[in-house]
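*Asks:* What follows is a predicted structure for the sequence shown.
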Amino acid sequence: VQLQASGGGSVQAGASLKLSCAASGRTLSNYLMGWFRQAPGKEREFVGSIDWTAGSIYTADLMKGRFTISRDRTKKTVYVQMENLKPEDTAIYYCAAHHRASPAGEWNTWGQGTQVTVSS
């Protein structure tokens, strides 16, 4: 599986952005798709995930209410819709894929990241 993230940009606080993660290669039926972010000088942070087959979604507590993860099976694309963005949301956002056969917590494939910058 190869992943290509896009949709980042520079916005004002309170704005919205929708990031996309297009997958190519093998079927995603055995994958959990995730979003992460990493701000300058900080550790990588989990944003949320979606089970490609079941569609079940998990969103990190910090992002609940503002970030919504979804997928489009026909486009093999995963999204994260971000609302009411804050300066502290500034980070590089990455998508990743976890194969069910892999150890828990191991993300097998990563996209290249897309920069989100939120100014006050």
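*Replies:* Received the coordinates, thanks.
*Asks:* Could I get the contacting residues of the residue positioned nearest the centre of the chain?
*Replies:* Computing the C-alpha centroid of the chain and ranking residues by CA atoms, centre = their mean puts residue 35 first, at 2.5 Å. Contact analysis of residue 35 by CB atoms under 8 Å, 6 or more residues apart in numbering lists 19, 21, 46-49, 69, 78, 80, 93-96. For every residue, glycine as well, the C-beta is placed using N, CA and C.
*Asks:* any idea of the pLDDT on it?
*Replies:* Model confidence at residue 35, given as pLDDT, is 98.
*Asks:* try residue 77
*Replies:* Reported pLDDT for residue 77: 97.
*Asks:* so who does residue 85 touch?
*Replies:* 11, 13-17, 66, 116, 118.
*Asks:* 7 Å instead, please
*Replies:* Contact partners of residue 85, counting by CB atoms under 7 Å, 6 or more residues apart in numbering, are 11, 13-17, 118.
*Asks:* which residue sits closest to it, ignoring its sequence neighbours?
*Replies:* Of all residues not flanking residue 85 in the chain, residue 118 sits nearest, at 4.6 Å (CB to CB, 6 or more residues apart in numbering).
*Asks:* Which positions are bridged to that neighbour in the beta structure?
*Replies:* Legend: beta-bridge partners of residue 118 under DSSP bridges are residue 11.
*Asks:* Looking at stretch 20-30 now, give me its mean pLDDT.
*Replies:* 92.
*Asks:* which residues does residue 10 contact?
*Replies:* Applying CB under 7 Å, 6+ apart, the residues near residue 10 are 117, 119.
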